[in-house]
Structure formats: structure tokens, C-alpha cells
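[1] here is a sequence together with a model predicted from it:
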Amino acid sequence: MTKHTARLRVRRGTADEPQPRYEEFALPFEPGTTVLDALIAIRRQQDPSLAIRYSCINANVCKECLIAIDGVIDYACTTRLRDDKVMTLEPLPGKPLLRDLVTEIRPPRERLK
Amino acid sequence: MTDLATDVLIVGAGGAGMYAAIAAARAGAGHVLLADKSLVGRGGATIMAQMTVAAALGEECPDDWQAHLDDTLAAGRGLCDENLAALLCRDAPARIREMAEWRVGWARRENGRIAQVTAPGHSRPRCCYVDFLNTGPAVAATLRRQISQIGVINRVSNLAVTDLLVHDGEVAGAVALDIAEGEPVRIAAKAVIIASGGLTRIYQRNSASANMGGDGYALALAAGAALVDMEFVQFFPIGHLAPRVVGMDPIMWDPFRYKLGGRLLNRDGREFLADYGSDESAGYTTPRDIATYAIQKEVAAGRGSPHGGVYLSFTHVPRHSLEAAFGPVIGRLAKNGIDLARAPVEVAPIAHYHMGGIAVDPDMASSVPRLFAAGEAAGGANGANRLSGNAIPEALVFGEVAGRSAALLAAKRPMSALPSGAGADIVEQIRSLADGRKGDIAACELLDELREIMWRDVGPFRSAKVLSRAIVRTEEMRAALPKLSLPPGRRFNPALAEWFELRGSLIAASAVAHAAAARIESRGAHQREDYPDSDPAWARSQRITMTAEGGITLGPPQ
């Protein structure tokens, strides 16, 4: 199968950092691969510190992997990679940032304290 | 550090954990702590369920729970714990009707009765469902709604229990990692229920959520509890293989087979199940263990599909029938480039469910005082092969019993604070790991290797040679845990939770491999290439325990 290369520009860091910081990752993929697949592969092959929320992996039932993809709110598990341009991945806007692509989406009653 | 105290600590908030919380509250618990590594009611296996929920409701034809029990015992290939299986079948109808009262939305016939279909292994139509492919999400949402209305249930998401605390031979609480802040949390508890699901995530091909790495089994073993039937991992025969589909569960084809039949074909376009003793002329009837065996054998004989599975075809089903049965799903398939009226899809076995688990009595009490288990985490009810549709009733029924038993036990005890130094070493370990470590390899890399090993050597086909290889390698990986690299950081550092996940998964994997190596016969989901036949002398369960040094050991038979 033809190999394609995705370039992902990912917002990194915690809310403690004064300036937003972006890091670009490149990885080969086969057609059909999703953004979540790519993030899992980046964690394994390039940077295990990259934080992303997900639970059901591919079924789109847990609804945890919602992020901003090129400014549009969407699920990482159902968005396919493309190789014609850099894709920018950012945490959900309007939610407190925990780390990288992870925001505080727990209902207040499901948090400690 | 945060110190918490509760009557009943529940580890895992899928169907079993959420129901256990409801039952504990009903039985008078003044404080229930429902903790989940992921988000409460969104992780685990419950939410992944596609369709069938077995209960002898008798809506389609006369039925009774003892007939359901007969089918459950037959599917279990002689190994079910009959008391647990009877409890599951007897209480399932009450739980399923209660879910209807809570407006889960079971599919209904035009006459208003709950629709029930015949699933493989059942003697009559007994399996209800929520359309379309929505059973699990609907059950989870219904339970989430219920627990949110009960004041004594304290829900905490992103709290991963890493160790149980044992004091004077009894479970006294736990230490957990607050994933959001990367800080240790100490929890005093009068009773603990493990409801953290199974271990299918330790297999390369699986239908699991991210948080089903077997950590509940590791927690129980380390606390001194026994596990039972650990060699029996259910491989779901027709997991989706190709073409790539997104936004759908890989076990999605099961409902299609219930409603429309479908044909399993090899590379030559020939139906092959009859070659393995299963005649499907009357519809979808082949049990999961036999279908998995047949598919693997066809692939091994070079008669598989291009991606290493077989074909599942609905091309003989008229398009209007497809649309009548699965309206909105047909559109989702089209977006993935699949047109069932035109071409078959490729399917192959996939790790789906764990029959084994924590050994419990009919009160769901483990062999360690004050420790209970519920749902897939508990072992024994399903023997060597689980009957289709028994997982959701098991979660609800066992959750109910465990929650009630734990609350009644807790009511008899005063709340005692943990001894002052309890768990200090674990608290220190969490803090030390969060400071980061230099090493050659990260936990997520070893997790990937473990999944490959389990699929290749401890999967649908096993032999002494490959099982011993897997045992050796998992022990090497356990020994490497202190030397793994770990990026520093506390707040939502995924590598920190992953280090503990790997530790638990290695223990669970080792338990499966040891039990599988010892069982020198083939039975149900456990198929040995070097011992292809069932041996009546092996119609008994094996127990696994942990030695003081942390080794996995086979206990005496029951």
C-alpha cells in the first residue's frame, strides 16, 4: 500500500507555561488511519509524554477524544489523517488546560476536593 | 496528600461498578466512593456492548431462568461455577425489567413487548437489545443518570487505584493515583469492590477500552486473593478486520448476524463452518469458541482473506432488508466505503471477554476478607466459554450482590483510620516516579510488545513451547519495571498512569499464561495445539495466587 506522511502540529504543555508552545511531528500512515491512531503511534515511537484523553479507542462511544482539529471541534478517533497539509491539533477551547491535548472535562462533581 | 475515608470503595465505574454503587446505597451505606481511571460511566466494557442482553423474560415465548442456566452451563463446557451461573440467570430478569423502568429503551415489538432474539447457544429467543448497536451506551447512560441522583455516591473520575492496603489479613483501603494532578491519594475503606473489568486490552487484537488492562486481577492477587479460570479468554470470532472502519466498535457485525444471518466464507467463497461440525442452515447458531477455531484453521490452511481473516457476506440479503434492519448504520458504513449489498467485509477473531477472574462466593466475596468483585472482574460464572448475552446481566446482577454484600459488611464495622504509616512506600513510589526516570525504554513500548506476545503465544492457539516463551518474557519485563524511562511531570502525565498499567497487565498476562500452560487439554476458549482433545479429568477449575515474593503460582484445584 502507498505510504503517506502526516505532519501534525500539536499544542504542548500545561497551563503554567506563559506562551502556547507547538511541536510538529511527522509520521508515515496508510489511508484510513485516524488522528487518534497517529497520536497513539507518536506516543509509542516518538514521545511518551504526549497527553491525550481516550477510552474506547475506535468506537466513538466514550466521547473523550474531542479536540480542536484545524480549529474545528471534532473527535480524534473519527477524523482521518491527510497528507496534503499540516494538521493543527489543539485542546478544546474554553476548558481549563491540564496538559497538551487534555482539558478538564470532568463534571465538577467527579473531581477530587 | 489527600486522605479519604469511605464505607465502600468501588474500583471501576462501568456497568458492574455503577450498579454496585446503587446497591450499596440502597443497603444503607453512608458513603460510597466510585472511582474510575477514565471518566465515570464512559470507559470499560459496558459502553462497548453492541446488542445482546440475555434474560429469561419470556416475552417472545415461554422461558424460565433454569432454561437460561442450562444453556449457560452447556456453553461453559463443564467448568461453570453453578452457584454463580444460577445467580446470574435467576436475577437477570429483575435487573433487565428494572432497566426498562429506568427507560433504557429496550427495542420492542409492535405489540409493545420487549423484543428478544435468539443468540448462538440459546435454546430460544432470549436476548434483548437497544437499537441500533446502542445497547451498551444506553445501559451506561441509564446507570449514570441513576447514580447522579443518589447523594451518598461520590464519583471520582481519573482516579487510578494502584494498590490495595491489607491490614491484619483484611483489606483496609487503597492507595490511588490522582491522574489529573499526578498526586497519591490514600483511601480508608470498610469494604472494597473490584469492578474494573477484564484484561482483553493486553491482546494486540481486542475489542476493549483503553482501561481494560487487567489491573483489577493484579490488585486482587497482590492483596492475597485467588483468581480462577484465568486461561479462558474469549475470542470473538468475527471482529472487524478490513476495510478500515472508524467510529464503530470492531464487534459490530454480531447484530447483523442476529438480524440477517450472513454467511462466513473462506477465500474460495465457500461456507466452511459445516466442516467444523456447525451447521448454520437454521441461521446464526455457531458458538464463539467453535467459530473462532474454524476461522483460525481456515486461515492457517491458506484459505483466509487478504488481511488474514475470512469473509462475512450479506450480498444475498436484499438492500431493502438491510436498510429496514439497520437504517442509520447503513449510512455510517457508506461513509467508510462499505456497501454490504455489493461486497463482503473481512473479519477475524479478536480478544473480547475474560471468563476468568477473581474467585468469589455467591455474596461476591473474594478469598480475602472485605474484598469483593463484580462483573467481568469476577470469575467462575462462565466457565470455559461465555454464552452470548451474559456479560451485561452479569455486570448488573453481580454488581447488585456485591454492592449489597459490601454495604452490609461495612455497616457492622466502625470506621477505623488507616494505621499511620499505611501505604507510605506506595505513596513514595508514586512521587518518585512522577519525578521522572532515565532509561532505555518506555512503558508504552513494553505494553505494545506484551500485546504482541499475548496475541501470538497466548492467543486462540497455544502450545507448551510458546506458552513457556511468553512466561519467560513477561517475567523479564516485570523485572525491567524499575529501569523504565519515564518523562517527568505530575499533572496528567500519561506515562505515570501507564507505568502502573504495565505493572498490572504483566501480572494479569502471567496469570493467563501460567494457567494455560498447566491445562494440558483443549476446552472451550482454551485450545492447545499439542493437546487438541478435551480430557474429562480436566473438568475442573484452576486457581492462581501470588507468592510473598510476587511470583504467580497455581493453587490447588477447588
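    On my side now, so go ahead.
[2] when you work out contacts or count neighbours from here on, use the C-alpha atoms and nothing else.
    Noted.
[3] mind listing the helices for chain A?
    A:35-45 (DSSP state H).
[4] pLDDT below threshold where in it?
    Applying pLDDT under 70 to chain A flags residues A:1-2.
[5] pull up the residues of it that are close to chain B.
    A:14, A:32-34, A:43-45, A:48-52, A:54-63, A:77-78, A:98-99, A:102, A:106, A:109-112 (Cα under 8 Å from any Cα of the partner chain).
[6] any idea which residue is closest to the centre of chain B?
    In chain B, the residue lying closest to the centroid (Cα atoms, centre = their mean) is B:G198, at 3.5 Å.
[7] what sits against residue 8?
    Because you didn't say which chain, this covers chain A. Residues in contact with A:L8, defined by Cα atoms under 8 Å, 6 or more residues apart in numbering or on different chains, are A:24-26, A:86-89.
[8] wrong one, I was asking about chain B
    Contacts of B:V8 (Cα under 8 Å, 6+ apart): B:24, B:29, B:31-33, B:189-193, B:406-407, B:410.
[9] next: B:S38.
    B:S38 touches A:55, B:157-159, B:211, counting by Cα under 8 Å, 6+ apart.
[10] mind putting those residues in TSV, distance to B:G15 and secondary structure included?
    As requested, these are exported to TSV (distance: Cα to Cα, whole Å; DSSP: H, G, I helix; E, B strand; the rest coil):
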residue	distance to B:G15	secondary structure
A:S55	15	coil
B:S157	15	strand
B:N158	17	coil
B:L159	17	strand
B:N211	14	coil
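[11] among those residues, which two are most distant?
    A:S55 and B:L159 (14.1 Å; Cα to Cα).
[12] between those two, who's got more neighbours?
    Shown here are A:S55 and B:L159; by other Cα atoms under 10 Å in any protein chain shown, B:L159 has more neighbours (31 against 23).
[13] need the contact list for the more buried one.
    Contacts of B:L159 by Cα under 8 Å, 6+ apart are B:35-38, B:176-179.
[14] which residues of chain B lie near chain A?
    B:38-40, B:42-44, B:47-48, B:137, B:154-157, B:180, B:208-211, B:244-250, B:442, B:444-445, B:487, B:491-495.
[15] looking at the contacts of A:L8, which has the most residues close by?
    A:L89 (25 neighbours).
[16] if I look at that one, how far off is chain B?
    18 Å (Cα to the nearest Cα, to the nearest Å).
[17] what pairs with that residue across the strands?
    When assigned by DSSP bridges, A:L89 has beta-bridge partners A:V10, A:I69.
[18] quick one: it and B:G327, what's the gap?
    Applying Cα to Cα, to the nearest Å, the value for A:L89 to B:G327 is 33 Å.
[19] likewise B:A5?
    Distance from B:A5 to B:G327, counting by Cα to Cα: 49 Å.
[20] neighbour count winner among the two?
    Taking neighbours as other Cα under 10 Å, B:A5 and B:G327 compare with B:A5 leading, 19 against 13.
[21] so is the more buried one in a helix, a strand, or just coil?
    The three-state label given to B:A5 by DSSP: H, G, I helix; E, B strand; the rest coil is strand.
[22] B:A191 is in contact with that one, correct?
    No: if you go by Cα atoms under 8 Å, B:A5 and B:A191 don't touch, sitting 10.8 Å apart.
[23] on that earlier part again, relative to B:Y276, which of the contacts of A:L8 is nearest.
    Top of the list for closeness to B:Y276, among the contacts of A:L8 and by Cα to Cα, is A:A26 at 47.0 Å.
[24] mind listing what that closest one touches?
    A:5-8.
[25] now do B:M252 against B:E476, distance only.
    From B:M252 to B:E476 the distance is 37 Å (Cα to Cα).
[26] which one of these two has more residues nearby?
    Comparing B:M252 with B:E476 by other Cα under 10 Å, the one with more neighbours is B:M252, at 19 against 12.
[27] surely the more buried one touches B:Q50?
    Yes: with contact defined as Cα under 8 Å, B:M252 counts as touching B:Q50 (6.3 Å).
[28] which neighbours do these two have in common?
    By Cα under 8 Å, 6+ apart, B:M252 and B:Q50 have these common neighbours: B:L133.
[29] returning to what we had before: return the subset of the residues of chain A next to chain B lying in strands.
    Judged by DSSP state E, those include A:98-99, A:102 as members of strands.
[30] format the residues you listed as CSV; extra columns: neighbour count.
    Converted to CSV, these look like this (neighbours: other Cα atoms under 10 Å in any protein chain shown):
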residue, neighbour count
A:L98, 21
A:R99, 26
A:V102, 27
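[31] sorry, back to before: in strands, which of the contacts of A:L8 appear?
    A:24-26, A:87-89.
[32] what's the most distant pair in those residues?
    Longest span within those, Cα to Cα: A:A26 and A:L89, 13.1 Å.
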